[in-house]
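**Student:** kindly generate the corresponding structure for this input.
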Amino acid sequence: MDFESPTDRRFSHWLVQRGLDQSPNKTGEQVSFSIAIESSCNNICQPQVAPLLAAYLNEFDDTLKFQSWFPIDQDHLDRLQDHPEFWKMFGQKFGNNSASLISHLAQEGGVIFELEKGGVNENGASKIFQVSLCCQEPRGESHHLWINAKRVPEKTLIPMIANAFLDWAHQGGDRKPKVL
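**Tutor:** Purely as a prediction, here's the structure:
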């Protein structure tokens, strides 16, 4: 990782704090869910929201003494993928496997992915809240929430996503199929 980069320094600090919080003397509850925002027309007609959503959720998270949420966009994901040190921290072999990296980070919880293409759908178990920001209805049924951000007031967008996620997480994530 490029520790000269402010993003990589913040990520490293976030990761260390999460690891310390898993110690036997744990002081708070870690966020166990993650959020994936798919935006196929990112920066063209839909705004980038992961950093604002992370700041919003961190502002209202009173369970921990550090920032629980960390936004990861495609550029940061690519940088992480290129560093063997990162893979060694997780005890994985170095490789160019974004699916493995996304899956592992998602299981950490507290990650907000913002990627152009899905990528998280195939790797996300029931612990990832799927959001689609696009001007056309998304394909497939993997999204929990679809928003055309061009039609929603900017000051409403982040609380809308956060509230939908918090309701979903409070209910335990994805519904379990009913057994008859």
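**Student:** can you pull out the helices in the protein?
**Tutor:** 6-21, 50-59, 74-81, 84-89, 98-108, 154-170 (DSSP state H).
**Student:** let me see the contact set for the residue nearest in space to the middle of the chain.
**Tutor:** The chain has residue 112 as the residue nearest its centroid, 1.9 Å off, counting by C-alpha atoms, centre = their mean. Applying C-beta atoms under 8 Å, 6 or more residues apart in numbering to residue 112 gives the contacts 34, 35, 36, 37, 50, 53, 54, 57, 69, 70, 71, 72. Where you see a C-beta, it was placed from the backbone N, CA and C, and this is true even at glycine.
**Student:** which one of those residues sits closest to residue 131?
**Tutor:** residue 37 (4.6 Å; C-beta to C-beta).
**Student:** okay, and the beta partners of that closest one?
**Tutor:** Beta-bridge partners recorded for residue 37 (DSSP bridges): residue 114, residue 131.
**Student:** isn't it up against residue 111?
**Tutor:** No - the pair residue 37 / residue 111 is not scored as a contact, 11.0 Å apart, by C-beta atoms under 8 Å.
**Student:** and for residue 69, the neighbour number?
**Tutor:** For residue 69, the count of nearby residues is 23 (other C-beta atoms under 10 Å).
**Student:** got it, and residue 34?
**Tutor:** That count, for residue 34 with other C-beta under 10 Å as the rule, works out to 26.
**Student:** for the chain, give me the ranges with low pLDDT.
**Tutor:** 1-4, 19-30, 40-44, 62-66, 87, 89-97, 117-125, 138, 140-141, 180 (pLDDT under 70).
**Student:** circling back: ranking the contacts of residue 112 by neighbours, who comes first?
**Tutor:** residue 35 leads the contacts of residue 112 on contacts (other C-beta under 10 Å) with 32 neighbours.
**Student:** list the contacts of it.
**Tutor:** Residue 35 neighbours (C-beta under 8 Å, 6+ apart): 53, 111, 112, 113, 128, 129, 131, 161, 165.
**Student:** distance check, residue 85 against residue 38.
**Tutor:** 28 Å (C-beta to C-beta, to the nearest Å).
**Student:** looking at those two, which one has more neighbours?
**Tutor:** Between residue 85 and residue 38, counted using other C-beta under 10 Å, residue 38 has the larger neighbour count: 24 against 10.
**Student:** so what's that one closest to, chain neighbours aside?
**Tutor:** Closest residue in space to residue 38, ignoring its immediate chain neighbours: residue 132 at 5.0 Å, by C-beta to C-beta, 6 or more residues apart in numbering.
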